[in-house]
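1. Just the structure for this:
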Amino acid sequence: MSDNSESGPTPARKPKAAVTMIGNRPLSPATMMMGHGYDPVLSEGSLKAPIFLTSTFAFPSAAEGKRFFEGITGKVPGGTEGLVYSRFNGPNQQILEGRLALWDGAEEALCFSSGMTAICVLFMAFASAGDVIVHSGPLYAASEGFIAKTLSRFGVTYVDFPAGATRDELDVVMAKAKTQAASQGGKVAMVYLESPANPTNALVDVEAVRDARDAAFGPNCPIAIDNTFLGPLWCRPIDQGADIVVYSLTKYIGGHSDLVAGSIAGASKWMTPVRMLRNTMGGIADPNTAWMLMRSLETVELRMTRAGENAAKVCKWLAAHPKVEKLGYLGMIDDPRQQDIFDRHCTGAGSTFSLYVKGGEAEAFRLLDNLKIAKLAVSLGGTETLASLPAAMTHLSVPDARKAQLGITDNLVRVSIGIEDADDLIADFEQALAAV
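-> Predicted coordinates:
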């Protein structure tokens, strides 16, 4: 929570400035998760921030109330200085947003009631009738569906490209989008990426996208990227040229399969229009969820590190199994283009991957139905190992021709490795594959 917006038993007292350096050493996000943005003095000495189940907040004075609303309504840029009403902000949400921004090196972050709420509000904040959205493929089915089915009702169209597109291919895509927007009397509103792609794990060359965007439209067309599969530990897309980073906080950041939330982060100029629309529509994360996410952020590095180590061991074993056709795992890339992107963009291979069973849906179902430790569920990034069949589950609504184009096959099992004992997980996959 910012220094001028924290609420406590004595409003006149201000929280202490957050410690960001020890001598000449900048503190890492993992360290700052333990207290950034929170002063125990303002909450009766409570070591952790309380949950503020508050709908509305009292103003210190009428003049300050006016100033707060100038921020809410946009008359003053940068958002409100103080707490007003829980549709706009709250203590737990503001502490959470400050900590989320640290991981991606962003100026600001905004939290939402779900990842899809964050994505939908983001699109609506920037796209108008006649505009074009350029996006990579595949995307999470709900994201792609919102662009193709919902935004199209309001005159917004799209141009898409495969995740691994080269700079030359991207230049063609951007030129097509520019022509399409001009014919519709609009603009290219946004370039939206998902990398690694769900569920194929294909990587997008964010640097090439940035260069193609700059050449075609200039920097005023934002590049947003869903970084859920690798963030916040294994990839920082802002470093490669993305403007906005999107998360389903439900996944690795929440990490315990007990909450649903989302976020975006980036420079203030990109966050302001999204915040203004969120102020109107609602959709901010509730205080309890924000508090739980602050708890989870304290261990996100530990959990993701353990899960990544487990995935490396499990995938090494799976790669040699005769009933496994191939793996879509970033630690075992066999395409030079994808390896080059990984080397430039990523610091780890993650713990979510695609397992292609030899056969089709029947064989994949048999594998899934025989797993005992891994749970048959469609999320990812939790402490437990999960497995699902995207073609029959999360991407069932995607037309068959589109699934074939994107490589979402009937034998693609998406696996998210958790923090269990790796040898136990290997034993589980061994007995399940024996039943295929």
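
2. can we go C-alpha only for contacts and neighbour counts from here?
-> Fine.

3. Find the helix or strand that the spatially most central residue of the chain is a member of.
-> Central residue of the chain (C-alpha atoms, centre = their mean): Tyr247, 1.6 Å from the mean position. Take DSSP states H and E as the rule and Tyr247 turns out to sit in strand 244-248.

4. what is the mean pLDDT for that strand?
-> For strand 244-248, mean pLDDT is 98.

5. what's the answer for stretch 275-292, then?
-> 97.

6. what do you get for stretch 57-74?
-> Mean predicted confidence for stretch 57-74 is 92.

7. Restricting the selection to alpha carbons, write that stretch to CSV.
-> Output of stretch 57-74 as CSV, limited to C-alpha atoms (Å, rounded to 0.1, in the frame of the first residue of the first chain):
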residue,chain,number,x,y,z
PHE,A,57,-13.5,4.6,4.0
ALA,A,58,-13.8,7.9,6.0
PHE,A,59,-11.9,10.9,4.6
PRO,A,60,-9.6,12.9,6.9
SER,A,61,-11.1,16.2,5.6
ALA,A,62,-13.6,17.4,2.9
ALA,A,63,-10.7,18.8,0.8
GLU,A,64,-8.9,15.4,0.9
GLY,A,65,-12.2,13.7,-0.1
LYS,A,66,-12.4,15.9,-3.1
ARG,A,67,-8.8,15.2,-4.0
PHE,A,68,-9.4,11.4,-3.7
PHE,A,69,-12.3,11.6,-6.1
GLU,A,70,-10.3,13.7,-8.5
GLY,A,71,-8.0,10.7,-8.8
ILE,A,72,-11.0,8.2,-9.0
THR,A,73,-12.6,10.2,-11.9
GLY,A,74,-9.4,10.8,-13.8
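
8. who's in contact with whichever strand or helix holds Cys111?
-> Cys111 belongs to strand 108-112 when assigned by DSSP H and E. Contact with strand 108-112 is made by 93, 96-98, 100-101, 118, 261-268, 271, 275, 283-285, as judged by C-alpha atoms under 8 Å, 6 or more residues apart in numbering.

9. Endpoints of stretch 119-133, how far apart?
-> End-to-end distance of stretch 119-133 (C-alpha to C-alpha, to the nearest Å): 13 Å.

10. Use 15 as the first number for this chain going forward.
-> In the new numbering, first residue 15, that becomes stretch 133-147.

11. buried set for it?
-> By 16 or more other C-alpha atoms under 10 Å, the buried positions in stretch 133-147 come out as 133-137, 139-147.

12. Just flag the most distant two among those.
-> Ile133 and Gly144 (19.5 Å; C-alpha to C-alpha).

13. So Tyr172 sits against Ser150, correct?
-> No: the criterion here is C-alpha atoms under 8 Å, and Tyr172 misses it with Ser150 at 10.4 Å.

14. Which strands or helices does the longest helix along the chain pack on?
-> Secondary structure assigned by DSSP state H gives helix 314-333 as the longest helix of the chain. Judged by 3 or more C-alpha pairs under 8 Å, 6 or more residues apart in numbering; DSSP states H and E, helix 314-333 is in contact with strand 338-342, helix 436-448.

15. quick one: buried residues of it?
-> So, applying 16+ other C-alpha under 10 Å, buried residues of helix 314-333: 314-315, 317-326, 328-329, 332-333.

16. If you average the pLDDT over that helix, what comes out?
-> Over the span of helix 314-333, the pLDDT mean works out to 98.

17. ok, now stretch 126-146?
-> Stretch 126-146 comes out at a mean pLDDT of 98.

18. what does stretch 231-251 give?
-> Stretch 231-251 comes out at a mean pLDDT of 96.

19. What of stretch 376-387?
-> Here the average pLDDT along stretch 376-387 is 98.

20. in it, what counts as buried?
-> Under 16+ other C-alpha under 10 Å, the buried positions of stretch 376-387 are 377-379, 381-382, 384-385, 387.

21. so how far is it off the chain centroid?
-> 28 Å (C-alpha atoms, centre = their mean, to the nearest Å).

22. Any chance you could list what contacts that stretch?
-> Contacts of stretch 376-387 (C-alpha under 8 Å, 6+ apart): 371, 390, 399, 401-403, 424-427, 439, 442-443, 445-447, 449-450.

23. hmm, 10 Å instead?
-> Contact with stretch 376-387 is made by 337, 369-372, 375, 388-391, 398-403, 406, 424-427, 434, 438-450, as judged by C-alpha atoms under 10 Å, 6 or more residues apart in numbering.

24. what's the answer for stretch 442-450, then?
-> 328, 331-332, 335-338, 371-373, 376-388, 436-438, 440-441.

25. try it again with 7 Å
-> 337, 377, 380-381, 384-387 (C-alpha atoms under 7 Å, 6 or more residues apart in numbering).

26. how far is that stretch from where the chain is centred?
-> For stretch 442-450, the distance to the chain centre is 32 Å (C-alpha atoms, centre = their mean).

27. ok, back up a step: let me know the angle separating the strand holding Cys125 from strand 258-262.
-> Using axes from the mean of the first three to the mean of the last three C-alpha atoms, to 10 degrees, the inter-axis angle of strand 122-126 relative to strand 258-262 is 30 degrees.

28. other SSEs contacting the following helix or strand past strand 122-126?
-> The C-terminal neighbour of strand 122-126 among helices and strands, as given by DSSP H and E, is helix 129-140. The elements that helix 129-140 packs onto, with contact taken as 3 or more C-alpha pairs under 7 Å, 6 or more residues apart in numbering; DSSP states H and E, are strand 276-280, helix 282-295.

29. What residues of stretch 38-53 count as buried?
-> 43-44, 46-53.

30. And that stretch, how far out from the chain middle?
-> Its chain's C-alpha centre and that of stretch 38-53 lie 22 Å apart, by C-alpha atoms, centre = their mean.

31. Let's see that stretch as CSV, backbone CA atoms only.
-> Taking C-alpha atoms only, stretch 38-53 is exported to CSV below (Å, rounded to 0.1, in the frame of the first residue of the first chain):
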residue,chain,number,x,y,z
ASN,A,38,24.3,-0.5,-1.9
ARG,A,39,22.4,-3.7,-2.4
PRO,A,40,18.9,-3.6,-3.9
LEU,A,41,16.6,-6.1,-2.2
SER,A,42,15.2,-9.0,-4.3
PRO,A,43,11.4,-9.4,-4.7
ALA,A,44,11.5,-12.6,-2.6
THR,A,45,12.8,-10.5,0.3
MET,A,46,10.4,-7.6,-0.2
MET,A,47,7.4,-9.9,-0.2
MET,A,48,7.7,-10.2,3.5
GLY,A,49,6.6,-6.6,4.3
HIS,A,50,6.7,-4.2,1.3
GLY,A,51,3.9,-1.6,1.5
TYR,A,52,2.8,-2.4,5.1
ASP,A,53,3.7,-0.7,8.4
